[in-house]
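> build me a model from this:
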Amino acid sequence: FEFDNMSRICTTNARTLGRGLCIITGASKGLGRALAHEAAHLLEPSSVLLLVARSGALLKKLREELQSSIGQQQLEIHCITADLSTKEGVNTTLKVARKQKVLNETDHVLLINNAASLGAISAFESFTDVESVNSYLSLNVSSALALTAGILQMFPARPGLRRSVVNISSTFAQQVSPSWVLYCTGKAARKMMFNVLAEERPDVKVLNYSPGPLDTEMQEEIERVTGIAYHLLPCQESAVKLMKLLLDNEFASGVHLDFFDV
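Just a heads-up that it's a prediction; the model follows:
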């Protein structure tokens, strides 16, 4: 998709995300890519944007787009090619985050946990392979927990530092749907996981954001498997709304907000 003026509505005022370190997982396409474009225009100069995904080629293309749009001196952009379903992928991401020169200068650490997968859409009784279930949960639950915990340890609370954690969620985090046991389980687990974080650490602002049905490859797969066609939203439209929520910063920590309700 192409980005137009609609994707810049968040920047019509003077508000920014601050001089920050912003980490976006699943950044190579879909919503993650749209979020990267939005964040790049909302971070102040000398900020760092870390883009994490499995496809290095797509990340490189995205970085070139961003540098062309905002200028290479405005923002330091790092591409992290990593499979977050593995310990190595999480550790690689944390290692790059630790090296950033803004480590002691940033006033906002923003982690957007967007990386996720659909998983098999099948009847409950078909999931007898423990390894395949564990593999799904490793990417969709375990990695988000380990990465978020690592970033919060790396950037402990201090005066003047804002810490924000976003979980890209779904209506299926709260809604049961037959044949969607993996997806529902993963989204529900992530929501509860981040709710616990919000309770434990009042100094961390946590948002569970359901972006709505988006025009992505995942939705194409859903339609192919189920035969159900949804009215799809452009990724950039949902990305803009999420960034506005972060700029306004008025939501209660741990809340689950849906695109259609805000």
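
> biggest helix in the chain by residues?
Counting residues, the longest helix found in the chain (DSSP state H) is helix 181-200.

> what's the angle between the following helix or strand past that one and helix 181-200?
Using DSSP states H and E, the helix or strand that follows helix 181-200 in sequence is strand 204-210. Taking axes from the mean of the first three to the mean of the last three CA atoms, to 10 degrees, one finds that strand 204-210 is oriented at 150 degrees with respect to helix 181-200.

> where does the prediction get shaky in the stretch 151-262 of the chain?
Within the stretch 151-262 of the chain, the set of residues satisfying pLDDT under 70 is empty.

> all strands of the stretch 151-262 of the chain, in order?
Under the criterion DSSP state E, counting those that start in this stretch, strands of the stretch 151-262 of the chain are mapped to 162-168, 204-210, 255-258.

> Throw the ones you listed into a markdown table and include mean neighbour count and distance to E38, thanks.
Backbone N, C-alpha and C define where each C-beta goes, glycine included. Rendered in a markdown table, the data for the strands of the stretch 151-262 of the chain read as follows (neighbours: other CB atoms under 10 Å; distance: least, CB to CB, whole Å):
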| stretch | mean neighbour count | distance to E38 |
| --- | --- | --- |
| strand 162-168 | 22 | 12 |
| strand 204-210 | 23 | 13 |
| strand 255-258 | 17 | 17 |
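
> before we move on, back to that, which outside residues touch the longest helix of the chain?
Residues outside helix 181-200 that contact it (CB atoms under 8 Å, 6 or more residues apart in numbering): 113, 116, 118-122, 124, 127, 133, 136-137, 140-141, 144-145, 148, 165, 167, 169-170, 172-177, 204, 206, 208, 253-254, 256.

> turn the strands of the stretch 151-262 of the chain into TSV, columns for distance to E221.
Written out in TSV, the entries for the strands of the stretch 151-262 of the chain read as follows (distance: least, CB to CB, whole Å):
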stretch	distance to E221
strand 162-168	17
strand 204-210	19
strand 255-258	22
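
> closest to S46 out of those strands?
strand 162-168 (16.0 Å; CB to CB).

> burial of S177, as a residue count?
When neighbours are defined as other CB atoms under 10 Å, S177 has 12 of them.

> C-terminal to whichever strand or helix holds E76, what's the next element?
Per DSSP H and E, E76 falls inside strand 75-81. In the C-terminal direction, the helix or strand that comes right after strand 75-81 (DSSP H and E) is helix 87-98.

> and the next helix or strand past that next one?
For helix 87-98, the succeeding helix or strand toward the C-terminus, using DSSP H and E, is strand 108-113.
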